[in-house]
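[1] only the shape, not the letters, is given here:
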């Protein structure tokens, strides 16, 4: 039933195991101590220049598979992609030769300004056409498919007509891109907008899901009893998100899974514990009945 | 109240106005309230925008950050960000105008050396992050005929900056980052101007003082003067020894030959 999406084969050298998001503070430790991590993911925008950090990444990727995660291409920009930024992304991709390249279903550039966040798109036919056009331009430029990640959002637009999960599945169908399913983001957005997380998972074509992200979130209390769930990548993965991850694996089959932690980055040992938990669930899904659902 | 459906371009420009200049008039009517005021929802994105960029400035200007207190830095950064939102997603390149902003920033007027320290830090930031580039192989220059050598115009290495400061910004910068309070207390901020060269070396970032004449000669070369003209202007000191030093230290990336 699934359309012929290339994401599974486009997984490249990233193993179907648990990886860790690599931040500057751990470069030296990774090189000196070679922790048992199946793969690392880094932010493309942090490696666009020269000097020490790219040199350390070059040394690290000799021993570990690396995937590249973008935050600045702005897939949803109506004014089109910034050609200078796309050229820099391409340069990093050509140099690093990553197993996977991913970006977000959001926008971050408007009127020539970078707005330093992953901003929500209205879920409209117009936005769908623009995202698909931009994804196709990136894939043509990089000569490879990318994965597109579901964002966490704190607002929705009145004129949206398409559920986000259908929008994302349609982008994959039209462009041939894969999906990076951020299970924590699904949980956060479901909390904030009253969605059912299972509906989201059920709408994504399993064959297109090339990677999963897991991270911590927090609850922010507004002036009265109301709360909003914030995707701050600053703590351990919540129990509810681990449960949703198991559901995702049962549906998609085993998928390379990344632990992300960007605020108050903890010692590597903590990240290894989180990755070990994810790895155990992936192994369970390999022996379990996940494939039956995904088939 | 009925509001016309905005195009994606209109909506994104309205979102920009909300984040950068805190003007929600174009966006709030399009946001689903869902029990929370649209302004509160937009505040979440506004906070991220401001805090990500403030962090980027703090990483590029660590000595400025320590010379003022954190609260002062954050306040200055918020005003700067509103006036100079980034034009690139590569935040290593963000904040070039911050030194100039600080020199016009009234609340910082009691620290007259602050803009100079910021100018030095921008040069250091540039040296840290510019793409790796091969230095000019001096043998290419040695292979030229004497007449050709006079017509050489150098291309400076992208990590190289030449900074003239009115205050001893290099000493202040060094003492602040070393957290060396005794060295800091010995610095006379009114000390005479300094001519600095900043460069990325394999061993790290070098900030060195030069004499005014050596600095002027180097600046002339970096500005594209021919070797003959620059040497002629610098006849009062041993420019050829300095040129040899520049070549050995890899301070040029390339050269061309002018036609005349």
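    Happy to help now that I have it. Just so it is clear, the structure is predicted and the values come from calculations on it, not from any experiment. Numbering: from 1, shown residues only, chains lettered A, B, ... in the order given.
[2] from here on, just use CA atoms for contacts and neighbour counts.
    Fine.
[3] how about the contacts made by residue B:34?
    Contacts were defined as C-alpha atoms under 8 Å, 6 or more residues apart in numbering or on different chains; by that measure residue B:34 touches residue A:193.
[4] doesn't it lie inside a helix?
    No. Going by DSSP: H, G, I helix; E, B strand; the rest coil, the assignment for residue B:34 is coil, not a helix.
[5] quick one: it from residue A:194, how far?
    Per C-alpha to C-alpha, to the nearest Å, residue B:34 is found 10 Å from residue A:194.
[6] residue B:258 contacts residue B:150, doesn't it?
    No. No contact is recorded between residue B:258 and residue B:150 when judged using C-alpha atoms under 8 Å, the distance being 9.1 Å.
[7] find the residues that touch each one of those two.
    Common contacts of residue B:258 and residue B:150 (C-alpha under 8 Å, 6+ apart): residue B:226.
[8] the helix or strand containing residue B:139: how far from the chain's middle?
    Taking DSSP states H and E as the definition, one finds residue B:139 inside helix B:138-142. Once both centres are worked out by C-alpha atoms, centre = their mean, to the nearest Å, helix B:138-142 turns out to sit 31 Å from its chain's centre.
[9] for the helix or strand just after it, buried residues please.
    For helix B:138-142, the following helix or strand on the C-terminal side (DSSP H and E) is helix B:146-149. Residues of helix B:146-149 classed as buried by neighbour count (16 or more other C-alpha atoms under 10 Å in any protein chain shown): residue B:149.
[10] which residues does helix B:146-149 contact?
    The set of residues external to helix B:146-149 that reach it, using C-alpha under 8 Å, 6+ apart, is B:141, B:227-228, B:257.
[11] and whichever helix or strand comes after it, what does it pack against?
    Tracing the chain C-terminally past helix B:146-149 and defining elements by DSSP H and E, one meets strand B:152-156 next. Counting contacts by 3 or more C-alpha pairs under 8 Å, 6 or more residues apart in numbering or on different chains; DSSP states H and E, strand B:152-156 packs against helix B:212-222, helix B:227-233, strand B:252-257.
[12] list the buried residues of strand B:152-156.
    Judged by neighbour count using 16+ other C-alpha under 10 Å, the buried positions of strand B:152-156 are B:152-156.
[13] follow-up on the earlier one: for chain A, which of the helices and strands packed on strand B:152-156 is the nearest?
    Evaluated with C-alpha to the nearest C-alpha, those place strand B:252-257 nearest to chain A, the distance being 14.8 Å.
[14] kindly report the residues of the stretch 101-250 of chain B close to chain A.
    With C-alpha under 8 Å from any C-alpha of the partner chain as the criterion, the stretch 101-250 of chain B meets chain A at residues B:128-132.
[15] please enumerate the helices of the chain.
    In the absence of a named chain, chain A is used. In chain order, chain A shows helices spanning A:27-33, A:52-60, A:83-96, A:125-142, A:164-175, A:183-193, A:197-203, A:239-252, A:268-287, A:290-294, with DSSP state H as the criterion.
[16] chain B is the one I meant
    B:8-21, B:38-60, B:62-67, B:70-83, B:98-103, B:114-129, B:138-142, B:146-149, B:169-177, B:181-186, B:212-222, B:227-233, B:239-248.
[17] if you compare those helices, which one is most tucked away?
    For these, ranked by mean neighbour count under the definition mean count of other C-alpha atoms under 10 Å in any protein chain shown, the leader is helix B:114-129 at a mean of 24.
[18] for it, what is the distance to the chain centroid?
    Distance of helix B:114-129 from its chain centroid, counting by C-alpha atoms, centre = their mean, is 5 Å.
[19] contact partners of that helix?
    Here helix B:114-129 makes contact (C-alpha under 8 Å, 6+ apart) with A:49-52, B:60-64, B:67, B:92-93, B:96, B:98-100, B:102-103, B:108, B:158-161, B:163, B:165-167, B:169-170, B:172-173, B:198-200, B:205.
[20] what's the angle from that helix to helix B:169-177?
    Counting by axes from the mean of the first three to the mean of the last three C-alpha atoms, to 10 degrees, helix B:114-129 lies at 80 degrees to helix B:169-177.
[21] gap between the two ends of stretch A:213-227?
    Start and end residues of stretch A:213-227 are separated by 24 Å (C-alpha to C-alpha).
[22] buried stuff in that stretch?
    For stretch A:213-227, the neighbour count (16+ other C-alpha under 10 Å) marks A:213-218 as buried.
[23] what's the closest non-adjacent residue to whichever residue of the stretch 151-260 of chain B sits closest to chain A?
    Of all residues in the stretch 151-260 of chain B, residue B:200 sits closest to chain A, at 8.1 Å by C-alpha to the nearest C-alpha. Distance criterion C-alpha to C-alpha, 6 or more residues apart in numbering or on different chains; nearest residue to residue B:200, sequence neighbours excluded, is residue B:127 at 5.2 Å.
[24] and the one you found, how far from residue B:205?
    The span separating residue B:127 from residue B:205 equals 7 Å under the rule C-alpha to C-alpha.
[25] same question for residue A:168.
    Where residue B:205 is concerned, residue A:168 sits at a distance of 45 Å (C-alpha to C-alpha).
[26] could you do residue B:111 as well?
    With C-alpha to C-alpha as the criterion, residue B:111 and residue B:205 are 26 Å apart.
[27] between these two, which one's more packed in?
    Comparing residue B:111 with residue B:205 by other C-alpha atoms under 10 Å in any protein chain shown, the one with more neighbours is residue B:205, at 16 against 13.
[28] neighbours of the nearest residue in space to residue B:11 that is not next to it in sequence, how many?
    Closest residue to residue B:11 apart from its sequence neighbours, by C-alpha to C-alpha, 6+ apart: residue B:27 at 6.8 Å. By other C-alpha under 10 Å, 22 other residues sit near residue B:27.
[29] my read: residue B:58 touches residue B:65, true?
    Yes. Under the criterion of C-alpha under 8 Å, residue B:58 lies in contact with residue B:65, with a separation of 6.2 Å.
[30] circling back: can you list phi and psi of the residue nearest to residue B:11 for me?
    phi -120, psi -40 (degrees, to the nearest 10).
[31] show me what contacts residue A:24?
    The neighbourhood of residue A:24, defined by C-alpha under 8 Å, 6+ apart, consists of residue A:53.
[32] thanks a lot, catch you later.
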